[in-house]
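1. make a model of this:
(chains A, B, C and D)
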Number of protein chains: 2
Amino acid sequence: MDFSELKSVCYGCSIRELCLPEGLTDEEVLLLDQHMLHRVPVRKGEPLYRTGDPFKSLYAVSTGFFKTSILHEDGRTQVTGFQMAGEVLGLDAISTDHHICDAIALEDSAVCEIDFNQFEQLGQLMSNLQHRFNKTLSREIVRDQGIMLLLGSMRAEERLAAFLVNLAKRFSARRQSASQLVLRMTREDIGSYLGIKLETVSRILSRFHDQQLLEVRGRHIRILQPQGLDRLLNSNI
Amino acid sequence: MDFSELKSVCYGCSIRELCLPEGLTDEEVLLLDQHMLHRVPVRKGEPLYRTGDPFKSLYAVSTGFFKTSILHEDGRTQVTGFQMAGEVLGLDAISTDHHICDAIALEDSAVCEIDFNQFEQLGQLMSNLQHRFNKTLSREIVRDQGIMLLLGSMRAEERLAAFLVNLAKRFSARRQSASQLVLRMTREDIGSYLGIKLETVSRILSRFHDQQLLEVRGRHIRILQPQGLDRLLNSNI
DNA sequence: ACTATACTTTGATCCAGATCAAAGTATAGT
DNA sequence: ACTATACTTTGATCTGGATCAAAGTATAGT
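-> Numbering: from 1, shown residues only, chains lettered A, B, ... in the order given. Take a look at the predicted model:
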């Protein structure tokens, strides 16, 4: 079995890029890469999946940017996350075999599709993989609880600071600039995610700009005082 | 291997009672029950675990009632859930090998402790168990996202209605009355969970009482018009 | 390059829920 | 049963963020 051959199955889609985390042997990586079906491109604005679609695969974002949002019967909508390269989409669908949110590309993107049945079988063969996957699922729970803390007990200004700090950290983990952010989502998306209105997002960004914490030019944001944002976050008035 | 002997390891703690769900064979149930260490009693007000404690076990609530809450550095606190018989505590700790929340008993309770290392090994032997556990973790993600929707886009009245409807549903699934609720938590706990202040919780309960939706006598609540609560929930003004 | 459409900013006003305050009611320990 | 402590209710007032409105700025399609 030739490594380069495997790579051709899904170019650029090694398991190493998935947040399905480190700690796998090379053999395990190879086996896993085999099970990634084709690389799927998703055009900006298009859904990768929609609420109610049958669940078949997990998706690791390869390039690009997504948002996920859930839909309440009465038409209300809530953005539940933004996913960038290396992050996994579809974990919530395991529970019901149907997707319970929409995943929309916010720019031209590509994902690696992982057949979940095959993946589970592989987990039976490799305890380490299964262990890692348990951690991945648990990490998603922790992430969600962090957002519950944010939505349940922070003021609008703190929410936005937390959002920016989090984005910067994730960009920086991907060796992109932690101070130069290009937002892929609208003010409305941000507001929905943070439980505030788009006007409030805009006003607070302007305020941060006036306070020299940020430089805001539309969706281009430069963080001038990261410690300033951190301080705001941990102040609790 | 004798069933009654196994039962004595942790009386009343069959895997069937864990929300680690249905679909296991009797053999699997037996093997699993073996791995439940002793039944652990927890006194009202006492922690089952605290933030930072090393993660060793999952806990299935056997009897009683718990709350989990996370603690922000600056002292803010957020109740992230209430757990009753059959629900599992500790899933969030898998990700970091340390508990990231406090689990406090709200009445004298008992849990079944499940050694997680042993449980993972068992999962390797029984693909079905592992499959079910993946679903359990995923279900927790779905639950959390439901709370995000609640916190991000509902008004206080709707949050409280959603809370009561959810509690009633869970009681009813446990063959307890769906209309006669005895709340185990304070108004402050409820408020923290719902992202509103305790005074607001109290006022809205009184309002529901005035509107004949509920009968409220302290922590004893009788739901008079379940459809009224549902309507409120799906109205979106 | 042009035009339509979608997004963003900013201002003026309003209101749901927070805060402050105080009285009333459980609950637990002696 | 008594008393202390913790919890709950209700009232009065305030305020952060929502809502309504309108002008300004990107972006995409022709």
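
2. quick check: bridge partners of the residue nearest to the spatial centre of chain A?
-> Closest residue to the average C-alpha location of chain A: residue A:83 at 2.0 Å, with CA atoms, centre = their mean. For residue A:83, the beta-bridge partners under DSSP bridges are residue A:66.

3. report the separation between it and chain B.
-> From residue A:83 over to chain B the distance is 14 Å, taken as CB to the nearest CB, to the nearest Å. Where C-beta positions appear, they are placed from N, C-alpha and C, glycine not excepted.

4. quick check, pLDDT for that residue.
-> On pLDDT, residue A:83 comes in at 97.

5. and the gap between it and DNA strand C?
-> Separation of residue A:83 from DNA strand C (CB to the nearest atom of the strand, to the nearest Å): 18 Å.

6. mind listing what that residue touches?
-> Residues near residue A:83 by CB atoms under 8 Å, 6 or more residues apart in numbering or on different chains: A:61, A:65-68, A:89, A:103.

7. domains in chain A, by residue range?
-> Domain assignment of chain A by automatic domain parsing yields the ranges A:3-150, A:155-233.

8. please see if the last one touches DNA strand D.
-> Yes - using CB under 7 Å from any atom of the strand, domain A:155-233 reaches DNA strand D at A:155-157, A:195-197, A:199-200, A:217-219.

9. wait, residue A:163 touches residue A:192, no?
-> No - the criterion here is CB atoms under 8 Å, and residue A:163 misses it with residue A:192 at 11.8 Å.

10. these two: which has the busier surroundings?
-> Shown here are residue A:163 and residue A:192; by other CB atoms under 10 Å in any protein chain shown, residue A:192 has more neighbours (23 against 19).

11. element containing residue A:206?
-> Secondary structure from DSSP states H and E places residue A:206 in helix A:198-210.

12. next, give phi and psi for the residue lying closest to residue A:105 once chain neighbours are set aside.
-> Leaving aside its sequence neighbours, residue A:105 sits nearest to residue A:42 (CB to CB, 6 or more residues apart in numbering or on different chains; 4.2 Å). The phi/psi pair for residue A:42 (degrees, to the nearest 10) reads phi -130, psi 120.

13. likewise for residue A:159?
-> Per-residue torsions, residue A:159: phi -60, psi -40 (degrees, to the nearest 10).

14. elements contacting the helix or strand residue A:227 falls within?
-> Assessed by DSSP H and E, residue A:227 sits inside helix A:226-233. Secondary-structure packing of helix A:226-233 (3 or more CB pairs under 8 Å, 6 or more residues apart in numbering or on different chains; DSSP states H and E): helix A:156-173.

15. quick check: buried residues in the helix it packs on?
-> By 16 or more other CB atoms under 10 Å in any protein chain shown, the buried positions in helix A:156-173 come out as A:156-165, A:167-168, A:170-171.

16. repeat for stretch A:97-113
-> Neighbour-count burial for stretch A:97-113 [16+ other CB under 10 Å]: A:99-106, A:109-113.

17. again with stretch A:173-190
-> Going by 16+ other CB under 10 Å, stretch A:173-190 has these buried residues: A:178, A:181, A:183-185, A:187, A:189-190.

18. one more: stretch A:211-222?
-> Quick answer for stretch A:211-222 (16+ other CB under 10 Å): A:213-214, A:216, A:221.

19. may I have it exported as CSV, CA atoms only?
-> This file holds the C-alpha atoms of stretch A:211-222, laid out as CSV (Å, rounded to 0.1, in the frame of the first residue of the first chain):
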residue,chain,number,x,y,z
GLN,A,211,-11.4,52.8,22.5
GLN,A,212,-8.5,51.8,20.2
LEU,A,213,-9.0,48.1,21.1
LEU,A,214,-9.7,47.3,17.5
GLU,A,215,-9.4,48.7,14.0
VAL,A,216,-12.6,47.9,12.2
ARG,A,217,-13.0,48.3,8.5
GLY,A,218,-16.2,46.4,7.6
ARG,A,219,-15.3,42.7,7.9
HIS,A,220,-11.6,43.4,8.3
ILE,A,221,-10.6,43.6,11.9
ARG,A,222,-7.3,44.2,13.4
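
20. which residues of chain A lie near DNA strand C?
-> A:183, A:186-188, A:198-199, A:201-203, A:205-206, A:216, A:218-219.

21. now render these as TSV, adding pLDDT and distance to residue B:226.
-> Shown next, in TSV, are the residues of chain A next to DNA strand C (pLDDT from 0 to 100; distance: CB to CB, whole Å):
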residue	pLDDT	distance to residue B:226
A:183	97	43
A:186	98	38
A:187	98	38
A:188	97	34
A:198	98	35
A:199	98	37
A:201	98	37
A:202	98	41
A:203	98	41
A:205	98	43
A:206	98	46
A:216	96	48
A:218	94	48
A:219	96	46
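
22. the longest helix along chain A - what's its average pLDDT?
-> Counting by DSSP state H, the longest helix found in chain A is helix A:127-153. For helix A:127-153, the mean per-residue pLDDT is 94.

23. list the buried ones in that helix?
-> By neighbour count with 16+ other CB under 10 Å, helix A:127-153 contains the buried residues A:129-153.

24. how about stretch A:132-145 as PDB, C-alpha atoms only?
-> Taking C-alpha atoms only, stretch A:132-145 is exported to PDB below (Å, rounded to 0.1, in the frame of the first residue of the first chain):
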ATOM      1  CA  ARG A 132      -9.600  10.000  20.500                       C
ATOM      2  CA  PHE A 133     -13.100  10.300  19.000                       C
ATOM      3  CA  ASN A 134     -14.700  10.100  22.500                       C
ATOM      4  CA  LYS A 135     -12.500  13.100  23.400                       C
ATOM      5  CA  THR A 136     -13.600  14.900  20.200                       C
ATOM      6  CA  LEU A 137     -17.200  14.500  21.100                       C
ATOM      7  CA  SER A 138     -16.600  15.500  24.700                       C
ATOM      8  CA  ARG A 139     -14.700  18.600  23.500                       C
ATOM      9  CA  GLU A 140     -17.700  19.600  21.500                       C
ATOM     10  CA  ILE A 141     -19.800  19.300  24.700                       C
ATOM     11  CA  VAL A 142     -17.300  21.500  26.600                       C
ATOM     12  CA  ARG A 143     -17.400  24.100  23.700                       C
ATOM     13  CA  ASP A 144     -21.200  24.200  23.900                       C
ATOM     14  CA  GLN A 145     -21.100  24.700  27.600                       C
END
